[in-house]
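> okay, here's the prediction I keep looking at, along with the sequence it came from:
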Amino acid sequence: MTDFFTDVTEPIRYLGPDSDEPLSFRWYDRDRVVAGKRMEDHLRFAVAYWHSFAWDGFDIFGAGTLDRPWLDQALDPMAAAAMKQDAAFEFFEKLGVPFFCFHDADMAPPADSFAETSANLSTMVERAAGLMERTGVGLLWGTANLFSHPRYAAGAATNPDPEIFARAAAQVCDMLEATNRLGGANYVLWGGREGYETLLNTDLRREGEQLARFMHLVVEHAHRIGFDGTILIEPKPFEPTKHQYDYDTAAVHAFLQRYDLVEEIKVNIEVNHATLAGHDFHHEVAYANAAGIFGSIDANAGDDRLGWDVDRFPVSVEQMTLGMYEILRGGGLTTGGLNFDAKLRRQSMARSDLFHAHIGGMDTMARALLAASALLESSELEAIRSQRYAGWDEGLGLDILTGSADLPGLQKRALELDDPQPVSGRQEELENLVARYVERVR
Ligand code: XUL
Ligand code: CO
């Protein structure tokens, strides 16, 4: 093992809720069995290569601040990529996560020609395969960066220039094959700049059709190469564009239905993106489950006062419990996982800050899992919910749903009925119920 993280000499251990050791887990106990499954298998944590290893802390107001020797511009790009990969795997192993996620451009340096970029990627992917084999760390998902290079300023699949579409397709072809080579459990498409800045120069009909064509090409190729993971779209309402086409789960679902893709693609829901879309994380998971397209999670958090994608590490057990509850209610994560698409604050310059951030995020999610699973196992919430809709399971409700009652028939039945009385929705009582489970988790 390399020694980029000398402050952490041992793998991070679970020491229990009373531990005062900052470099320990207080809630994430990977072998603990929760509702019949090990915690590690429930949560399927992944570290995001881009924020943690490919970002030096630069923002639009200033240069990089983070201590990341592998990002030194003076290094040969392939040597730097190898160093970055070693640092990343040292981190994955010491933290004890089962998965990571990456964009092509995070792992291999883009070169002047596409052929060279492509060759760099395959060299680095083969190298990663060796490290994965040695450490047992798997790939949760791969994705292509179709938003950083200036050629994608007007989008990739939705670009007005078909040559740019072709270049994006080439990049996804490489990255889909790389993901398959590394046994990736999913392939993610985040529509980085698939949207518009102004409607004055945008043909919405064409751009929708281009995007759908792109998705079909990806699905076809995934089948061709025998990729058995899940293809996921990651909704986001805006940023970087003024309006992103994959606005939220509902918009993605409508798009998938409209273009005959609903059997092929699911969603990767990001907590901070849900907030930006004006939704709760809870809502996005519930919507995806109701539509049958739930796939995976980018676990992070926004900031209540900031209206952009700040990608903090998750800290709110309450917020995450509601999302976890919905995930468990839908049957849990299958090919999906919890990817920390989250970054350090710019002043968290030390390499060890990466450990503190991930430990906090993992403990928050583990605690949320415990609360959510106890709540689900008790059936308290589900019993109230099913009682609320009980009328639809028999008699009048069933007649309406099965179509055996027409409008005049319902009029006749309504005349025979006493005036129906509204009942309490019990919202505050239910909120207290959830609070009880969050408080009592052990
Ligand atoms: C951007 C974002 C991306 C995707 C992968 O907001 O979330 O990092 O997760 O491209
Ligand atoms: Co994301």
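Happy to help now that I have it. Numbers count the residues shown, from 1 in each chain. Ligands and ions are numbered 1, 2, ... in the order given.

> dump the residue contacts of the single nearest residue of the chain relative to ligand 1.
Residue nearest to ligand 1 within the chain: residue 190 (3.6 Å; Cβ to the nearest ligand atom). C-beta here means a position set from N, CA and C on the backbone, and glycine is covered the same way. Contacts here follow Cβ atoms under 8 Å, 6 or more residues apart in numbering; on that basis residue 190 touches 143, 147, 233-234, 236, 246, 268.

> quick one, strands of the chain?
When secondary structure is read from DSSP state E, the chain shows strands at 13-14, 24-25, 33-34, 37-38, 45-48, 99-103, 138-143, 186-189, 195-196, 230-233, 243-244, 265-270, 294-298, 338-340.

> which other helices and strands does the fifth one contact?
Looking back up the chat, that one is strand 45-48. For strand 45-48, the elements it packs on are helix 77-95, strand 99-103, strand 338-340, helix 353-378, judged by 3 or more Cβ pairs under 8 Å, 6 or more residues apart in numbering; DSSP states H and E.

> get me the contact residues on the chain for ligand 2.
Within the chain, the positions adjacent to ligand 2 are 270, 298, 341 by Cβ under 5 Å from the ion.

> which bits of the stretch 1-150 of the chain sit near ligand 1?
Within the stretch 1-150 of the chain, the positions adjacent to ligand 1 are 103, 143 by Cβ under 6 Å from any ligand atom.

> domain assignment for this protein?
With domains defined by automatic domain parsing, the chain comprises 13-378, 383-440.

> where do the helices of the stretch 251-400 of the chain begin and end?
Counting by DSSP state H, counting those that start in this stretch, one finds helices in the stretch 251-400 of the chain at the ranges 271-276, 281-291, 317-329, 353-378, 380-388, 395-402.

> which of those sits most buried?
Neighbour counts (mean count of other Cβ atoms under 10 Å) averaged over each of those peak at helix 271-276, with a mean of 26.

> give me the average confidence score over that helix.
Mean pLDDT, helix 271-276: 98.

> gap between that helix and the chain center?
Helix 271-276 sits 11 Å away from the centroid of its parent chain (Cα atoms, centre = their mean, to the nearest Å).

> quick revisit: make CSV from the helices and strands packed on strand 45-48 and add mean pLDDT to it.
Shown next, in CSV, are the helices and strands packed on strand 45-48 (pLDDT from 0 to 100):
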stretch, mean pLDDT
helix 77-95, 98
strand 99-103, 99
strand 338-340, 99
helix 353-378, 98
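
> nearest to residue 384, out of these?
helix 353-378 (11.2 Å; Cβ to Cβ).

> tell me which other helices or strands the closest one touches.
strand 24-25, strand 33-34, helix 39-43, strand 45-48, helix 77-95, helix 317-329, strand 338-340, helix 427-440.

> before we move on, the earlier item: which of the helices of the stretch 251-400 of the chain sits closest to residue 101?
That would be helix 353-378 among the helices of the stretch 251-400 of the chain, by Cβ to Cβ, at 13.4 Å.
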